[in-house]
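# Sharing a sequence plus its predicted fold:
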Amino acid sequence: TARAGKEGSGLLVLFPFESRFLSEIRGLHVASNHELSSSLSELAEEDCPEWMQQNYSKVNSGGNKLANSAQLAYLSFLGYYLGQVRRIQDGTKNDVVSLSAEFSQAIGLANVPSIPRKLITKMELEGIPGVVSEDD
């Protein structure tokens, strides 16, 4: 990144569902990096390295700092993207809940974390498939 008046560059990595954001920054002339995109796709298809498997085991064992952080990350992801539904390509609350479930798997959670009933009501998620209530 640029500092002290010097030029710089950076990478903007987006989920496929965030592609609509590119139209919002059209004037900035953001170029696609097909080599990086290809590398990320290949990385996602490879077997998970041993060190990641060990961390996934810690997340799945529950009751530890890593597991709690993963559950909070899920809630943060869900909350943020619910607020950005209009900016997601063809997005609905159902889509956000589904994407959040995929995210929870990607960070190593075996199950979608439960959400307090009050928070479900506040987020207006009642009746949406995939939302797990702490009361269920």
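In hand now; what should we look at?
# Quick check: which ranges of the protein have low pLDDT?
1-2, 43-46, 136 (pLDDT under 70).
# Nearest to the spatial middle of it, which residue is it?
F103 (4.8 Å; C-alpha atoms, centre = their mean).
# Hmm, it is touching F77, no?
Yes: counting by C-beta atoms under 8 Å, F77 is a contact partner of F103 at 5.0 Å. To be clear about C-beta, it is placed using only N, CA and C from the backbone, and glycine gets the same treatment.
# does the residue nearest to the centre of the chain sit in a helix or strand, and which one?
helix 93-106 (DSSP states H and E).
# residues making contact with the next helix or strand after that helix?
Counting by DSSP H and E, the next helix or strand C-terminal to helix 93-106 is helix 117-122. Under the contact criterion C-beta atoms under 8 Å, 6 or more residues apart in numbering, helix 117-122 has outside partners 75, 126, 131, 133-135.
# just the buried members of those residues?
75, 131 (16 or more other C-beta atoms under 10 Å).
# Could you dump the contacts of helix 117-122 into a markdown table and include secondary structure?
Listed next are the contacts of helix 117-122 as a markdown table, based on DSSP: H, G, I helix; E, B strand; the rest coil:
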| residue | secondary structure |
| --- | --- |
| L75 | helix |
| E126 | coil |
| V131 | coil |
| S133 | strand |
| E134 | coil |
| D135 | coil |
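# Return the closest of the contacts of helix 117-122 with respect to Q89.
For these, the residue nearest Q89 by C-beta to C-beta is V131; the value is 21.7 Å.
# what about that closest one, distance to E50?
Remark: distance between V131 and E50 (C-beta to C-beta, to the nearest Å) = 34 Å.
# What segments of this protein are helices?
Secondary structure of the chain (DSSP state H): helices at 21-24, 34-45, 50-61, 65-82, 93-106, 117-122.
# related to what we said a few turns ago, hey, what's the angle from the helix holding F103 to helix 65-82? Just curious.
160 degrees (axes from the mean of the first three to the mean of the last three C-alpha atoms, to 10 degrees).
# Name the residues of helix 93-106 that are buried.
In helix 93-106, counting by 16+ other C-beta under 10 Å, buried: 93, 96-97, 99-101, 103-104.
# If anything else comes up later, I'll come back, but that's it for now.
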